[in-house]
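1. okay, here's the prediction I keep looking at, along with the sequence it came from:
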Amino acid sequence: MPAARSTRTTATKRKALAETPISRQAPPEVALAAQKAAAVATLKSAFPVTKHSVAAAAAASRKSGKVAKPVSSFVATKTALHRSTAPPQIVGRESEQAAIRQFLQTTVEKGRGGSMYISGNPGTGKTACLQTLIKQSVASFPSVLVNCVPLSRPEQAYSAVLDALNVEYDGADSALAGLERLVFKGKGAFLVILDEVDSLLGIKQEVLYRLFELAAHPDSRLALVGIANALDLTDRFLPRLQARNCEPILLNFNPYQVNDIVAILQSRLDSVAAEEPVIQKAALELCARKVAATSGDLRKALDVCRQALEAAEAECKKRAKLADKENGPTASPLPKVSIMHIAKVLTSLNGSPIAQKLNALNFQQKLVLCAFVSLSGSAGSAQPAETAALPKKAAAGGIAVSKLFSEYGVICDRLGMLAPVTRTEFLDLVAMMETQGVVIVEALRAGRRGGCRIASSSGAADDRTLRLAVDEADIRRALMSTPALSPIL
């Protein structure tokens, strides 16, 4: 009899192990190993969830007699709401999709050249919509995406395009000639997407003019799509395109409205199998209304939902621990995001007008503030010898704009992401921040009494000092929320 019970127990364990869900992509020859790995992953609550695997996991749990913790679907929901996760489908944007689809059909799908300029605020789905339609295209053609922000000079766009297409060329000086050969003598049409194309703006805009001219030539095989935030980039900076008959097709993406954001978030939640919705509908609507009222940036809505999910998860785990101490191990309920969780996250992100003002600064302006924090001696990174000797009193009273510009260049070199702006552009950044009420710029001149300095309404750029108009702790929090700047601080 003991042997019979042992046999039945072993058979039950094998049966429970066999019913544990495994990945559909697992090869047949490693089925047993995949089953064991899936069982371990289920215990660790880190296995991706599909609609079939949730039901199978529940059935296996009931047959094995063990309590299953429905954490996997929660993890999958957080993954679906991540801004880097490709959307299951493009929700809305019917007119924009039709315009892009028509452009692809009349240019690259027919082996012809052409150009389009897509504008819109950040987080309005410009790049995601374009890339999704490229994948849905019936024709097969080469397509590359080039981010223009890291390029230190506009001329580097030629070599960046060739590198993305895996085309060999002799050197940077011959990159334009190599691109022209590919455009006019290549085997077929190809699509080039220049993201943040306004980063190529220079003094004469010759690079942008040349690229749009290549795409507009009757014998061209280049389909060019430029993407940027500015609506009037072609009118303000490229007025000669119309005179040269090279003007691109213009397409603008308006900010998302409340219904659009709710529909997109709901489509992402529907792509994850869950017996009950993880986020309440009222909470989704609150998030959508707040984001639509400020910027209409879908990425912000995704970030708010993910942070609210993490807050709900923390509360759920805390309640589960208390329940385990009182009543023993029990099934943990799936965390749910309510209006309260969304409201707390929105308050922490946009709790004060100062936080909103600092979060609205662009990346270059945040680099200027980062240079100020570094010179004031409160940054955690090592400082150059000439800046480390700067007294903290002087930093508190103001820092010379010339020293600030030097430190800004050091930080740009340390990051290695983009080239520093020119001195004139740097002064424009400072003036813009002064208008926004973030910093105060004072022009000083030497007074009659030796070291005394008297405030003046005008002065040379090197004879100005900058001090903060807001608390430095608020600035540090805003800078730390930018992933690229947090290592410096």
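-> Yep, that arrived.

2. wait, residue 439 touches residue 430, no?
-> Yes: counting by CB atoms under 8 Å, residue 439 does reach residue 430; the two are 6.8 Å apart. Using the backbone N, CA and C atoms, a C-beta is placed for each residue, glycine as well.

3. quickly list what's touching both of these two.
-> Counting by CB atoms under 8 Å, 6 or more residues apart in numbering, the contacts common to residue 439 and residue 430 are residue 466.

4. and the next helix or strand past the least confident helix or strand in the chain by mean pLDDT?
-> Sorting the helices and strands of the chain by mean pLDDT, DSSP states H and E puts strand 453-456 at the bottom, at a mean of 36. Sequence order places strand 464-468 as the next helix or strand after strand 453-456, per DSSP states H and E.

5. next, the buried residues of that next one.
-> Neighbour-count burial for strand 464-468 flags 464-466, 468 (criterion: 16 or more other CB atoms under 10 Å).

6. just checking, residue 96 is part of a helix?
-> Yes: the assignment for residue 96 is a helix, going by DSSP: H, G, I helix; E, B strand; the rest coil.

7. show me what contacts residue 249?
-> If you count contacts by CB under 8 Å, 6+ apart, then residue 249 has 99, 103, 114-117 around it.

8. contacting residues around the helix or strand containing residue 159?
-> Taking DSSP H and E as the criterion, residue 159 maps to helix 156-164. For helix 156-164, the surrounding residues in contact (CB under 8 Å, 6+ apart) are 144-146, 148, 151, 168-169, 172, 175-176, 178-179, 182, 192, 194, 200, 207, 211.

9. ok, now stretch 284-302?
-> By CB under 8 Å, 6+ apart, stretch 284-302 touches 81-83, 121-125, 254-259, 261-262, 264-266, 304-305, 308, 339, 342-343, 346, 349-350, 356.

10. ok, 7 Å please
-> Residues from elsewhere that reach stretch 284-302 (CB atoms under 7 Å, 6 or more residues apart in numbering): 81-83, 121-125, 255-258, 261-262, 264-266, 304-305, 339, 342-343, 346.

11. before we move on, what about stretch 422-442?
-> So stretch 422-442 is in contact with 357, 364-365, 368, 398, 401, 405, 408, 455, 461, 464-470, going by CB under 7 Å, 6+ apart.

12. what's the answer for stretch 337-347, then?
-> With CB under 7 Å, 6+ apart as the test, stretch 337-347 has contacts from 278-280, 282-283, 286-287, 290, 304, 307-309, 311-312.

13. for the record, mean pLDDT for it?
-> Across stretch 337-347, pLDDT averages out at 84.

14. what's the answer for stretch 401-419, then?
-> Per-residue scores along stretch 401-419 average to 86.

15. equivalent analysis for stretch 314-325, please.
-> What stretch 314-325 shows for mean pLDDT is 77.

16. alpha carbons of that stretch, as CSV, please.
-> Listed next in CSV are the C-alpha coordinates belonging to stretch 314-325 (Å, rounded to 0.1, in the frame of the first residue of the first chain):
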residue,chain,number,x,y,z
ALA,A,314,3.2,47.4,-3.4
GLU,A,315,0.0,47.9,-1.4
CYS,A,316,-1.2,44.4,-2.4
LYS,A,317,2.0,42.8,-1.3
LYS,A,318,1.8,44.6,2.0
ARG,A,319,-1.8,43.5,2.7
ALA,A,320,-0.8,39.9,1.7
LYS,A,321,2.0,39.8,4.2
LEU,A,322,-0.3,40.9,7.0
ALA,A,323,-2.9,38.4,6.0
ASP,A,324,-0.3,35.6,5.9
LYS,A,325,0.8,36.4,9.4
